[in-house]
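Enquirer: Sequence and predicted structure are below.
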Amino acid sequence: MIYRSRAPLRIGLAGGGTDVSPYSDEFGGAILNATISHYAHAVIEPNENGIRIQAMDRKEEQLHECNNILQTDGTLDLHKGVFNRIQKDFGIPNKNFCLTTYVDAPAGSGLGTSSTLMVAIIGAFTEMLKLPLGEYDIAHYAYEIERKDLQLAGGKQDQYAATFGGVNFMEFYEDDKVIVNPLRIRNEYLHELENNLVLYFTSTSRESATIIKEQQKNVLQKNEKSIEAMHQLKEQARRMKEALLRGRLNEIGEILDFGFQQKRNMAHNISNSSIEEIYEAAKKAGATGGKISGAGGGGFMTFYCPLNTRYKVMETLSSFGGQIKPYQFTKQGLTTWTTQ
């Protein structure tokens, strides 16, 4: 039997960074995001001898003996982390298998690739072992493995977006409590948002951990400028929710621009001269606002382009050497199935 899964990547629309501890523990965080038609894929199939792990997009592969624990060494650690935790908690009876993964966007691109891949891998094992895990269970499990077992810096939104799918307003509290509120947005509003939001890959990836660790340090050291920026981004998420639910799409660009200005103050290197140049050029071409995806520093950017300005904005963005990425919003989160 072959066990497959896929989980959608996401675009963060507002509140980014407020899902990261210790800010979310002390003040509570709020984020609005939407999943898109780019995915992390995972497949588990029989292997003749031992455990073979391969990430096809990264061209990485390892073969391990049938051990209870796989040593993490900086290569394929997400895969090993899931195996180790599931082996510990549930047991994996057949250890002769091949785990293959592929992600539709580069690592470090700001669309939540690592956490989404984690969810997809957990999904494949859940399908194979028929584990009694619901949506909240899988999302929290992915968070614990990535942030606690593997000690990788980051927030909580990506695991929940990948698992639940759709457009969600998420709330984050102490003790890792997360509440996912699916938004019932009218189809015509979603179609217009999808038409007007341009997704642009700067053709650079970044190491988000450094930026996130500085953000965490700023909260611990009571950096007022950084904390106030996070407060404002939390308010941005609430404004974005109301605008989408009420169909006030003419406010989206302004709300995004407000968040872009605030996010600069959370930590150094969130923006840089290249990002600023791209952002200003997009606005001159007709975009009313935009944002850096994920922790910042590079990767994807999104721009809100009302009326027919998307075409001029796309032409302008292409001159910077990056790529416009087509996408659609998706309503389905983690999906798993079995085939022969």
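Expert: Yes, it's here.

Enquirer: Quick one: mean pLDDT over stretch 5-18.
Expert: Mean pLDDT, stretch 5-18: 95.

Enquirer: what's the answer for stretch 255-270, then?
Expert: Rounded mean pLDDT across stretch 255-270 is 82.

Enquirer: Could you list the residues in contact with the lengthiest helix in the chain?
Expert: Counting residues, the longest helix found in the chain (DSSP state H) is helix 224-246. If you take C-beta atoms under 8 Å, 6 or more residues apart in numbering as the criterion, helix 224-246 is touched by 13-18, 23, 27-32, 167, 169, 183-185, 189, 193, 215, 218-219, 248-249, 251-252, 255, 258-259, 262-267. Where you see a C-beta, it was placed from the backbone N, CA and C, and this is true even at glycine.

Enquirer: which of those residues are buried?
Expert: The neighbour-count test (16 or more other C-beta atoms under 10 Å) applied to the contacts of helix 224-246 identifies 13-18, 23, 27, 29-32, 167, 169, 185, 189, 193, 215, 218-219, 249, 251-252, 255, 258-259, 262-267 as buried.

Enquirer: Could you list which of the residues you listed belong to strands?
Expert: Those of the buried ones among the contacts of helix 224-246 mapping onto strands are 13-14, 29-32, 167, 169, per DSSP state E.

Enquirer: so where do the helices sit in the stretch 51-200 of the chain?
Expert: Using DSSP state H, counting those that start in this stretch, the helices assigned to the stretch 51-200 of the chain run over residues 77-89, 113-129, 135-143, 157-164, 187-196.

Enquirer: Which of these has the highest mean neighbour count?
Expert: Comparing these by mean neighbour count (mean count of other C-beta atoms under 10 Å), helix 157-164 comes out on top with a mean of 30.

Enquirer: that older thread, the longest helix of the chain: which residues count as buried?
Expert: By neighbour count on 16+ other C-beta under 10 Å, the buried set for helix 224-246 is 226-227, 229-230, 232-237, 239-241, 243-244.

Enquirer: Which of the residues you listed scores worst on pLDDT?
Expert: The lowest pLDDT within the buried residues of helix 224-246 belongs to Ser226, which sits at 85.

Enquirer: what's the spacing between that residue and Asn49?
Expert: To Asn49, Ser226 is 52 Å away according to C-beta to C-beta, to the nearest Å.

Enquirer: Grab the nearest non-local neighbour of the residue nearest to the spatial centre of the chain.
Expert: Nearest to the mean C-alpha position of the chain, by C-alpha atoms, centre = their mean, lies Gly112 at 2.1 Å. In this structure, Gly112 finds its nearest non-sequential neighbour in Asp158, 3.3 Å apart by C-beta to C-beta, 6 or more residues apart in numbering.

Enquirer: Pretty sure the one you found sits against Thr116.
Expert: Yes: in this structure, Asp158 is within contact of Thr116 by C-beta atoms under 8 Å, at 6.1 Å.

Enquirer: Need the residues touching each of those two.
Expert: Common neighbours of Asp158 and Thr116 (C-beta under 8 Å, 6+ apart) are Arg10.

Enquirer: and stretch 319-334, which residues are buried?
Expert: 322, 325, 327, 329-330, 333-334.

Enquirer: cool, and stretch 69-76?
Expert: 70, 72, 76.

Enquirer: Let me know the closest of the residues you listed to Lys291.
Expert: Leu76 (30.9 Å; C-beta to C-beta).

Enquirer: check contacts around the closest one.
Expert: Going by C-beta under 8 Å, 6+ apart, Leu76 touches 53, 55, 60, 62.

Enquirer: most surrounded residue in those residues?
Expert: Highest neighbour count within these: Ile53, with 22 neighbours (other C-beta atoms under 10 Å).

Enquirer: And that residue, how far from Glu61?
Expert: Distance, Ile53 to Glu61, using C-beta to C-beta: 7 Å.

Enquirer: picking that back up, so can I have a markdown table of the ones in strands among the buried ones among the contacts of helix 224-246 showing distance to Lys312?
Expert: Listed next are those as a markdown table, based on distance: C-beta to C-beta, whole Å:
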| residue | distance to Lys312 |
| --- | --- |
| Leu13 | 22 |
| Ala14 | 25 |
| Gly29 | 35 |
| Ala30 | 33 |
| Ile31 | 30 |
| Leu32 | 27 |
| Val167 | 27 |
| Phe169 | 32 |
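
Enquirer: from the residues you listed, which two are the most distant?
Expert: Most distant of these, by C-beta to C-beta, are Gly29 and Val167, 17.5 Å apart.

Enquirer: Which residue is the nearest non-sequential neighbour of Leu129?
Expert: Nearest one to Leu129, counting by C-beta to C-beta, 6+ apart, is Phe90 at 6.1 Å.

Enquirer: about what we covered before: can I get the helices of the stretch 51-200 of the chain in CSV including distance to Val178?
Expert: Converted to CSV, the helices of the stretch 51-200 of the chain look like this (distance: least, C-beta to C-beta, whole Å):
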stretch, distance to Val178
helix 77-89, 19
helix 113-129, 13
helix 135-143, 7
helix 157-164, 6
helix 187-196, 23
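
Enquirer: quick one, which of those helices is nearest to Gly286?
Expert: In terms of C-beta to C-beta, the element of the helices of the stretch 51-200 of the chain nearest to Gly286 is helix 187-196, at 10.5 Å.

Enquirer: Report the residue spans of the stretch 201-340 of the chain with pLDDT below the cut-off.
Expert: For the stretch 201-340 of the chain, the stretches with pLDDT under 70 are 204-211, 267-270, 294-298.
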